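Enquirer: Starting from these lines, generate the structure:
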Amino acid sequence: PVPVPQVGTNLTDLRLPRRVTVRELGGCMGPIWPSYYGECSALLFVVDASNPTQVSSSCIQLLSVLSAAPLASVPVLVLFNKIDLPCYMSLVEMKSLFRMQDIVSCATQPITMLETSARDGTGLAAVLQWLRSALQDP
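Expert: Purely as a prediction, here's the structure:
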């Protein structure tokens with residue numbers, strides 16, 4: 001299906017092969033994110049790689065999430081999404097803008113980065129593989 005912008009929270013169940021519930025909380029829901037940290041086994045942090053005006057706020061939100069004590073050892077996958085759009089910033093550009101090398105070196109949790117397109121499916125197999133590995137499913 002064609003992805004549509006989400007408002008609020010959404011739950012999706014995946015089989016990896018065990019059932020895993022993915023809770024989506026949009027950026028506008030940032031103030032309530034901490035109430036879900038205790039239940040979190042892995043974190044997918046999605047960034048719109050086609051929107052340079054949101055890079056700074058996305059980076060601040062990522063730093064806030066990474067500094068939360070309940071997430072200190074939770075594996076993190078940063079997804080630079082919307083690479084199907086002609087105006088997207090490459091992984092190299094996004095890493096530079098986010099200063100990901102500095103973030104990774106200071107973070108207590110393991111951080112992985114991938115480029116994705118929810119629209120055309122690019123990178124989604126790698127996301128599922130990362131989830132299986134992070135959640136220790138075979």
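
Enquirer: Just the strands from the chain, written as ranges.
Expert: Here the chain has its strands, by DSSP state E, at 9-15, 19-25, 43-48, 76-81, 111-115.

Enquirer: same for the first one, what does it pack against?
Expert: So the one you mean is strand 9-15. Applying 3 or more C-beta pairs under 8 Å, 6 or more residues apart in numbering; DSSP states H and E, one finds that strand 9-15 makes contact with strand 19-25. Bear in mind the C-beta positions are built from the backbone N, C-alpha and C, glycine included.

Enquirer: just to revisit the earlier point, would you turn the strands of the chain into CSV with mean neighbour count and distance to residue 58?
Expert: Below are the strands of the chain laid out as CSV (neighbours: other C-beta atoms under 10 Å; distance: least, C-beta to C-beta, whole Å):
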stretch, mean neighbour count, distance to residue 58
strand 9-15, 10, 19
strand 19-25, 13, 14
strand 43-48, 19, 5
strand 76-81, 23, 9
strand 111-115, 18, 13
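
Enquirer: Take the ones you listed and lay them out in JSON lines including distance to residue 135.
Expert: Shown next, in JSON lines, are the strands of the chain (distance: least, C-beta to C-beta, whole Å):
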{"stretch": "strand 9-15", "distance to residue 135": "10"}
{"stretch": "strand 19-25", "distance to residue 135": "6"}
{"stretch": "strand 43-48", "distance to residue 135": "12"}
{"stretch": "strand 76-81", "distance to residue 135": "11"}
{"stretch": "strand 111-115", "distance to residue 135": "13"}
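
Enquirer: quick one: pLDDT of residue 4?
Expert: At residue 4, the model reports a pLDDT of 61.

Enquirer: let me redo that: residue 71
Expert: pLDDT, residue 71: 96.

Enquirer: can you give me the helices for the chain?
Expert: Counting by DSSP state H, the chain has helices at residues 55-66, 91-98, 100-106, 124-134.
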